[in-house]
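# Give me a 3D structure for the following:
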Amino acid sequence: MTTHSTTHTATTQLTAPALLPAETPVRFLDDLGHRVDATTEMEDRGYRPPDRELLVEAWRRMVVGRRFDVQATALTKQGRLAVYPSSRGQEACQVGAVLALQERDWLFPTYRDSVALITRDLDPVEVLTLLRGDAHCGYDPMAHHTAAQCTPLATQLIHAAGVAHGETRKGRGSVALAFTGDGATSEGDFHEALNFAAVFHAPAIFFVQNNKYAISVPFSKQSKAPSLAHKGVGYGVPAEQVDGNDPMAVLSVMQRAVEHARGGGGPFLIEAHTYRLDAHTNADDATRYREADEVTQWLTRDPIVRLENHLRAEGLIDDARVDAVKQEAEEYAARLRDRMNVDSQLDPLSIFDHVYERSTPQIAEQRAQVEAELAAEREFADQSDEQQGDH
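Residues are numbered from 1 along each chain as shown. This is a model prediction of the structure:
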């Protein structure tokens with residue numbers, strides 16, 4: 001993609017060492033939730049533990065998000081969803097990243113980021129509208145500063161770079177966060193987005209959830225780079241890698257990335273090392289390409305258990321609080337289940353409503369054709385009813 005502009009601000013060119021991520025991912029908590037010995041090292045690298053209140057909120061959101069995810073998976077088995085890509089095990093990435101944003105910031109999610117959307121307080125039924133097959137998007141992207149969930153790999157990254165650049169030109173002080181997976185880093189759109197954002201100094205944060213598989217393709221066949229975060233140096237984009245199952249570390253790295261982008265530092269690339277515990281979707285059989293022992297190993301690194309253990313040790317939550325949040329999550333899932341069990345009332349002509357901001361002659365013509373077909377079907381049905389009545 002060729003870029004042309006004379007309006008972007010000249011910036012200081014960072015040296016290659018300043019762009020490179022650390023050799024080891026940022027980590028504050030071990031697999032059991034204990035503070036790691038390298039905490040001082042993390043702080044020396046510029047990463048600070050998030051506020052305690054924010055950590056408690058992240059834990060609560062992850063518990064609710066996990067229950068939502070399990071319920072959505074069950075809805076596919078009940079025929080209420082056409083498909084659902086689970087993110088069980090990746091809650092620290094989605095919740096931690098979103099909680100670092102402000103309301104004015106933009107979010108560009110993938111099809112697997114439904115938990116991120118409900119963390120942004122979007123209506124869960126509207127979130128699942130796409131996966132239900134009712135519409136391309138169930139919520140208003142402009143009202144929520146949240147783009148439609150993107151199924152084609154990496155295309156949302158270019159959108160994020162463009163919106164971030166546009167928001168800067170308008171002086172709004174917003175940043176754009178774009179989620180993507182490890183497989184999408186092999187797409188041309190990934191490279192074009194990073195290059196555009198770097199050249200135009202756009203305040204975009206590219207958050208790679210490296211869950212080790214692109215459907216069935218293991219990461220070992222995806223890239224030979226030391227880490228995906230190392231790809232940033234090729235575009236002049238500073239980057240960091242983080243333990244994606246450590247909510248404290250994800251929040252800390254995201255807060256620094258947001259501060260960097262909002263403060264005029266340009267784009268930032270984050271690679272979060274995490275794991276997809278469930279299959280790619282309900283239509284996938286993950287046992288065909290990974291061993292059960294591998295999944296079991298990652299179950300011991302559960303981000304919710306890790307943070308809960310830490311919060312308990314710090315005296316920030318107790319059994320009563322844990323039970324209350326679990327009950328909140330169950331009630332959330334029950335409301336979702338009840339609402340999803342009500343059949344949608346859809347207008348077929350609504351598919352033409354949001355193709356463009358203003359309808360074109362071509363769209364109007366297509367709409368008229370469908371309207372005529374629907375009218376013909378109704379007329380045929382009425383005639384059939386009359387004939388049956390005569391008999």
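
# All the strands of the stretch 51-200 of the chain, residue numbers only.
106-108, 176-181 (DSSP state E, counting those that start in this stretch).

# hang on, I meant the stretch 251-391 of the chain
Ranges of strands within the stretch 251-391 of the chain are 268-273, based on DSSP E, counting those that start in this stretch.

# So, low pLDDT: which residues of it?
The stretch 251-391 of the chain contains residues with pLDDT under 70 at 390-391.

# hmm, 50 instead?
Along the stretch 251-391 of the chain, segments meeting pLDDT under 50 are nowhere present.

# just to revisit the earlier point, looking at the strands of the stretch 51-200 of the chain, which is nearest to A22?
strand 176-181 (20.9 Å; Cβ to Cβ). All C-beta spots, glycine's among them, are computed from the backbone N, C-alpha and C.

# list the contacts for the closest residue in space to F219 that isn't next to it in sequence?
Nearest non-adjacent residue to F219, counting by Cβ to Cβ, 6 or more residues apart in numbering: K212, 5.1 Å away. K212 makes contact with 182, 218-219, 275-276, according to Cβ atoms under 8 Å, 6 or more residues apart in numbering.

# buried ones in the lengthiest helix in the chain?
Longest helix of the chain, by residue count under DSSP state H: helix 361-390. For helix 361-390, a neighbour-count test (16 or more other Cβ atoms under 10 Å) marks R367 as buried.

# and what of stretch 303-321?
303-304, 306-311, 317, 321.

# Stretch 155-163 - what's its average pLDDT?
Mean per-residue pLDDT for stretch 155-163: 98.

# List the contacts of that stretch.
The contact list for stretch 155-163 (Cβ under 8 Å, 6+ apart) reads 106, 108-110, 147, 150, 176-180, 184, 189-190, 192-194, 196-197, 200, 202, 204, 206, 267.

# Spit out the contact partners of G389.
Contacts of G389 (Cβ under 8 Å, 6+ apart): none.

# Next up, the contacts around L269.
L269 makes contact with 194, 205-206, 208, 229, 231-232, 237-240, according to Cβ under 8 Å, 6+ apart.

# Am I right that V242 falls within a helix?
No. V242 sits outside any helix when classified using DSSP: H, G, I helix; E, B strand; the rest coil, being strand.

# Dig out what it forms beta bridges with.
V26, A272 (DSSP bridges).

# Can you name the residues that contact it?
25-27, 249-250, 253, 270-273.

# which among the residues you listed gets closest to D37?
For the contacts of V242, the nearest to D37 is R27 (10.3 Å; Cβ to Cβ).

# Low-confidence stretches in the stretch 101-250 of the chain?
For the stretch 101-250 of the chain, no stretch is flagged by pLDDT under 50.

# if we can go back for a sec, to A143, which of the strands of the stretch 51-200 of the chain lies closest?
With Cβ to Cβ as the measure, strand 106-108 is the member of those nearest A143 (12.2 Å).

# Can you tell me how far D284 is from S86?
Using Cβ to Cβ, to the nearest Å, D284 is found at 10 Å from S86.

# Comparing these two, which residue is more hemmed in?
For D284 versus S86, the count of surrounding residues by other Cβ atoms under 10 Å is larger for S86: 22 against 17.

# pretty sure the more buried one is touching A279, no?
Yes. The pair S86 and A279 qualifies as a contact (Cβ atoms under 8 Å) at a distance of 7.3 Å.

# sorry, back to before: tell me the most buried of the strands of the stretch 51-200 of the chain?
strand 176-181 (a mean of 28; mean count of other Cβ atoms under 10 Å).

# Check the offset of that one from the chain's centre.
Distance of strand 176-181 from the chain centroid (Cα atoms, centre = their mean, to the nearest Å) equals 6 Å.

# What of stretch 209-220?
With Cα atoms, centre = their mean, you get 16 Å for stretch 209-220.

# Likewise for stretch 249-264?
Taking mean C-alpha positions (Cα atoms, centre = their mean), stretch 249-264 and its chain are 17 Å apart.

# do the same with stretch 125-132
The mean C-alpha position of stretch 125-132 is separated from the chain mean by 15 Å, Cα atoms, centre = their mean.

# One more: stretch 115-126?
With Cα atoms, centre = their mean, you get 11 Å for stretch 115-126.

# circling back to that earlier point, just put the strands of the stretch 51-200 of the chain in JSON lines and tack on distance to P49.
Formatted as JSON lines, the strands of the stretch 51-200 of the chain follow (distance: least, Cβ to Cβ, whole Å):
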{"stretch": "strand 106-108", "distance to P49": "24"}
{"stretch": "strand 176-181", "distance to P49": "21"}
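
# out of these, nearest to P361?
That would be, of the strands of the stretch 51-200 of the chain and by Cβ to Cβ, strand 106-108, which comes in at 31.0 Å.

# which one among the buried residues of stretch 303-321 gets closest to Q71?
Nearest to Q71 among the buried residues of stretch 303-321, with distances taken as Cβ to Cβ, is I304, at 15.7 Å.
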